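J.: For reference, the sequence and a predicted model appear below.
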Amino acid sequence: MGGVDKVSGRGNRAPLPPRECDFPAAGLSTRPHRSHRFGTQAFFAYDHIKKEEGPTSPPTPETLTLAIDPMSATLLCRDPFFQQHETGNHVESPDRIIAVNAAIADTDLADRCDDVEWTEASEESLLRVHTPEYLARLEAFTRDGGGRIEQDTVVSPHSYLVARRAAGAACDAVSRVCAGKAKNAFCLLRPPGHHALADGAMGFCLLNHAAIAAAHARDAEGVSRVLIVDWDVHHGNGTQDIFYRDPNVAFFSAHRWPFYPGSGRTEETGSGPGLGTTRNLPLPFGIAADDYLEKFRQSLETIAAKQRPELIVLSAGFDAHHADPVGSFGLCEDDFSTLSRCVLDVAGVHCQGRVVSLLEGGYNPQALGACVKIHLESLVSDQT
Ligand SMILES: [Zn+2]
């Protein structure tokens, strides 16, 4: 999209004055910690055992473990290696995930999630989405020392491996959620992915993690109908392009418009066998947050009713936050709780709550940390 600069954006104007919310007050209000995620379920499990078997003493820990629903777990995929994608003086920097980890460290959220090990995405996984020519060019470019691979996107010697490991996390999370080993997942990835095209890097993105995850669900896990939800402030043009003709993978994006990258009009609805499986919700700068949230819910429910997804992959960008230097769309961190709830409600209706959430944008590290903390709280607490 020559000539359109992602950082300044198209149609960018001064940000709205912040709404009434916690950020960036001197300290975010401390939310009361909820009970450990297994607490309530363990209680009911014990109650059930008493009724059925009438034990006179509490069950052993082994009994409780067996009684716990494995679908209740949230995966949290993090890796210090993601900091090795070095971008110099750039808004998409390692500071982003460092800030998120710091925000989470103040809570018990990580303790309430499952940590998992995974490997980099296989070549087969990448080739479902990207051309072999692009993958070879990206690998060679980074091996030769990196630099600016397109106007907005900087890569360093480790960037290809970092992106490939990030894509691996997304695929692994899909497999675990599809296997019932977890109910949902959050992958704290970088670089972001939703602008990446089949044959090129774009807009800070190298590999399209959401697309790779959805294609993995479709081809490796036998998921017939996937829905990708993208609430990043920018339109997920790469993801849309990749599945534009695919009826198995629907795509819904809510985004600021007109804005970078310029796509995402309402009229873009898919083509051929994929006609009707793309839904765009372009939103004007200055829209009231409540109006945005209501439109988001309505549009999401509409396409979900049509697609009846078995899995939702979420491109979770947080650059619609009012303090974001790139997106600045007027949302508060609490609005991301509402967005999270919308997605989880739809997942509860259609796919037993199965959501794999992948970090996309969000370029004010402090705001990003606050938003991800709230989003992760929603995932962990989901009882649908
Ligand atoms: Zn974005």
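T.: Nice, thanks for sending it over.
J.: ok, now which ones touch the nearest residue to L135 once chain neighbours are set aside?
T.: Of all residues not flanking L135 in the chain, L126 sits nearest, at 5.9 Å (C-beta to C-beta, 6 or more residues apart in numbering). To be clear about C-beta, it is placed using only N, CA and C from the backbone, and glycine gets the same treatment. By C-beta atoms under 8 Å, 6 or more residues apart in numbering, the residues touching L126 are L135, R164, A167, L207, I212.
J.: Check A103 too.
T.: By C-beta under 8 Å, 6+ apart, the contact set of A103 is G369, A370, V372, K373.
J.: right, and the pair among these with maximum separation?
T.: Across the contacts of A103, the longest distance by C-beta to C-beta is 7.6 Å; it joins A370 and V372.
J.: circling back to that earlier point, restricting to C-alpha, output the helix or strand hosting the residue nearest to L135 in PDB.
T.: Using DSSP states H and E, L126 sits in helix 123-127. What follows is helix 123-127 as a C-alpha-only set of coordinates in PDB (Å, rounded to 0.1, in the frame of the first residue of the first chain):
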ATOM      1  CA  GLU A 123       7.300 -25.400   7.200                       C
ATOM      2  CA  GLU A 124       4.000 -27.100   6.300                       C
ATOM      3  CA  SER A 125       2.100 -24.800   8.700                       C
ATOM      4  CA  LEU A 126       3.700 -21.700   7.100                       C
ATOM      5  CA  LEU A 127       3.200 -22.800   3.600                       C
END
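J.: Can you lay out the contacts of A103 as JSON lines showing distance to the ion?
T.: Written out in JSON lines, the entries for those read as follows (distance: C-beta to the ion, whole Å):
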{"residue": "G369", "distance to the ion": "17"}
{"residue": "A370", "distance to the ion": "17"}
{"residue": "V372", "distance to the ion": "14"}
{"residue": "K373", "distance to the ion": "19"}
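J.: Mind checking which of these land in helices?
T.: Judged by DSSP state H, the subset of these located in helices is G369, A370, V372, K373.
J.: Buried among those? Make that a PyMOL selection.
T.: Typed into PyMOL, the next command selects the buried ones out of the ones in helices among the contacts of A103 (criterion: 16 or more other C-beta atoms under 10 Å):
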select buried, resi 369+370+372+373
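J.: Can you list the residue ranges for helices in the stretch 101-250 of the chain?
T.: Remark: helices assigned in the stretch 101-250 of the chain by DSSP state H, counting those that start in this stretch are 123-127, 132-143, 159-178, 209-219, 237-242.
J.: Near the ion, which residues of the stretch 251-384 of the chain are found?
T.: By C-beta under 5 Å from the ion, the part of the stretch 251-384 of the chain that sits against the ion consists of G317, D319, G361.
J.: quick one: which of those residues is nearest the ion?
T.: Compare each of these with the ion using C-beta to the ion and the shortest gap goes to G361, at 2.9 Å.
J.: Check P24 and give its pLDDT.
T.: We note a pLDDT of 41 for P24 in this prediction.
J.: swap in S72?
T.: Confidence at S72, expressed as pLDDT, is 71.
J.: quick one: low-confidence parts of the stretch 251-384 of the chain?
T.: Counting by pLDDT under 70, the stretch 251-384 of the chain contains low-confidence ranges at 384.
J.: what about the helices in it?
T.: Counting by DSSP H, counting those that start in this stretch, the stretch 251-384 of the chain has helices at residues 289-307, 333-350, 365-381.
J.: Could you identify the longest strand within the protein?
T.: strand 249-256 (DSSP state E).
J.: Just the CA atoms of it, as PDB, please.
T.: Extracted in PDB, the C-alpha atoms of strand 249-256 (Å, rounded to 0.1, in the frame of the first residue of the first chain):
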ATOM      1  CA  VAL A 249     -12.500 -19.500   7.600                       C
ATOM      2  CA  ALA A 250     -14.700 -16.400   8.100                       C
ATOM      3  CA  PHE A 251     -13.200 -13.100   9.000                       C
ATOM      4  CA  PHE A 252     -14.700 -10.200  11.000                       C
ATOM      5  CA  SER A 253     -12.800  -7.000  11.500                       C
ATOM      6  CA  ALA A 254     -13.900  -3.800  13.400                       C
ATOM      7  CA  HIS A 255     -11.400  -1.000  12.700                       C
ATOM      8  CA  ARG A 256     -10.900   2.700  12.400                       C
END
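J.: what angle do it and helix 209-219 make?
T.: 160 degrees (axes from the mean of the first three to the mean of the last three C-alpha atoms, to 10 degrees).
J.: And strand 249-256, what does it pack against?
T.: Helices and strands touching strand 249-256, by 3 or more C-beta pairs under 8 Å, 6 or more residues apart in numbering; DSSP states H and E, are helix 209-219, strand 226-230, helix 237-242, strand 278-283, helix 289-307.
J.: Make JSON lines from those and add mean neighbour count to it.
T.: Putting those into JSON lines (neighbours: other C-beta atoms under 10 Å) gives the following:
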{"stretch": "helix 209-219", "mean neighbour count": "28"}
{"stretch": "strand 226-230", "mean neighbour count": "28"}
{"stretch": "helix 237-242", "mean neighbour count": "25"}
{"stretch": "strand 278-283", "mean neighbour count": "22"}
{"stretch": "helix 289-307", "mean neighbour count": "17"}
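J.: right, and these - which one's nearest V380?
T.: The closest of these to V380 is strand 226-230. By C-beta to C-beta, the value is 18.6 Å.
J.: Direction included, what does that closest one pair against?
T.: The strands that strand 226-230 pairs with in its sheet are strand 249-256 (parallel), strand 311-316 (parallel) (by DSSP bridges).
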